[in-house]
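Chemist: here's my sequence, what's the structure:
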Amino acid sequence: MHEELRALLPGLHAAQSVNLAGRDFHLGTLAGQPVVLVLSGIGKVAAATTATLLIQEFAAQAVVFTGVAGGLGEGVRVGDVVLARELLQHDMDASPLFPRFEVPLTGRARFATDAALSDSLKAAAQRCLASIPHDAARITAACLHEGLIISGDRFVSSAVDAQALRALLPQALAVEMEGAALAQVCADFGRPFAVLRTISDRADDTAHVDFSRFIAEVASVHTRAIVEDWLAALR
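Modeler: Coordinates of the predicted model:
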C-alpha cells in the first residue's frame, strides 16, 4: 500500500528512484542495509512482474513482501500479523489435467518461504508487536501467527466466500492477492523470500475498522517497525 511505502521512505538514505514498467523503485540504505523499496501492484500478475524486475534489474538477493490480508484461520484477528510459511494460489485449477491448486508443470501447489529469512522476520515481529500501541484504531495487542497464506485474483469480502475457502483449505490463516505469485517467481529464480501480512479484516461482510485509517495507523506501523528492526538485526 502507498501508506506503507510512505512510512518507510523517510528512513531511506542516499535515496534514488528508477522508473521501470510504470513502477517507481526506490534504492538506498535502510537501517544500514542496501534495499530497493517498491509497490508490488495489486493482483498476481502485477506482483509477479514486480518480483521479476527486482531480481533481474536490481539483482535482489532476497525478497520480502509486506501488506494486508483477510483473516481466515480461527483466532486470527484484525490487527494480528501472519507470517507465511507456505503460499498457495486458491484460484489455480487446471483440473482434470493437473490436481486442483497445483501449478502446472511444477508438481506442487504449495511454495515454502525461506526458513532462515522467515525466522529472522518472526524474531523482529515478536520484538515489535508487543510495544506497538493501537488505541487510536481500537485494535488490541496484536498476535503473530505462522502458516499457510493463500492468494487469488479475487478480493474476498463475503462470509460465504470466506467459508468456502476455509472448507477447501482449512489450514489457511489468511487470504490476499499477491503472495503466491511472488513465491512462484522467487522459486523460479532460486531467490529466498518471505511474506508478512497484517490482518485488516476477516474476509467477510463485517467491517471492523475504517480501512484507510487502519492502513495508516496499524498496518503501516507494523511494516515500518518490523522491517526496520529486522534490517538492523542483520548488521
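Chemist: for T52, helix, strand, or coil?
Modeler: helix (DSSP: H, G, I helix; E, B strand; the rest coil).
Chemist: so how many other residues sit close to it?
Modeler: Residues within reach of T52, counting by other Cβ atoms under 10 Å, total 16. For the C-beta atoms, the positions are set from N, CA and C on the backbone; glycine is no exception.
Chemist: what's near enough to touch L39?
Modeler: For L39, the contact set (Cβ atoms under 8 Å, 6 or more residues apart in numbering) comprises M1, H2, L5, R23, D24, T50.
Chemist: can you select the buried ones from those residues in ChimeraX?
Modeler: Restricted to buried positions by 16 or more other Cβ atoms under 10 Å, the ChimeraX selection for the contacts of L39 reads:
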select :1,5,23,50
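Chemist: between the contacts of L39, which is closest to G11?
Modeler: Taking Cβ to Cβ as the measure, G11 lies nearest L5 of those, at 11.5 Å.
Chemist: re earlier: between the contacts of L39, which sits nearest P104?
Modeler: Closest to P104, out of all of the contacts of L39 and judged by Cβ to Cβ, is T50, at 22.5 Å.
Chemist: and the pLDDT for V160?
Modeler: On pLDDT, V160 comes in at 91.
Chemist: oh, I was asking about I139
Modeler: 53.
Chemist: check which helices and strands the lowest-mean-pLDDT helix or strand in the chain sits against.
Modeler: Taking mean pLDDT, DSSP states H and E as the measure, the helix or strand of the chain with the lowest value is helix 211-214, at a mean of 81. Other helices and strands packing on helix 211-214, by 3 or more Cβ pairs under 8 Å, 6 or more residues apart in numbering; DSSP states H and E, are strand 193-201.
Chemist: which helices and strands sit right next to the strand it packs on?
Modeler: Contacts defined by 3+ Cβ pairs under 8 Å, 6+ apart place strand 193-201 against strand 63-71, strand 81-89, helix 115-129, strand 172-176, helix 179-189, helix 211-214, helix 220-233.
Chemist: the contacts of L39 in strands, which ones?
Modeler: Of the contacts of L39, the ones assigned to strands by DSSP state E are R23, D24.
Chemist: okay, the contacts of L39 in CSV with distance to A219 and pLDDT next?
Modeler: Putting the contacts of L39 into CSV (distance: Cβ to Cβ, whole Å; pLDDT from 0 to 100) gives the following:
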residue, distance to A219, pLDDT
M1, 7, 87
H2, 11, 92
L5, 12, 94
R23, 20, 98
D24, 20, 98
T50, 19, 98
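Chemist: just the closest of the contacts of L39 to Q16, please.
Modeler: Each of the contacts of L39 was scored against Q16 by Cβ to Cβ, and D24 proved nearest at 10.6 Å.
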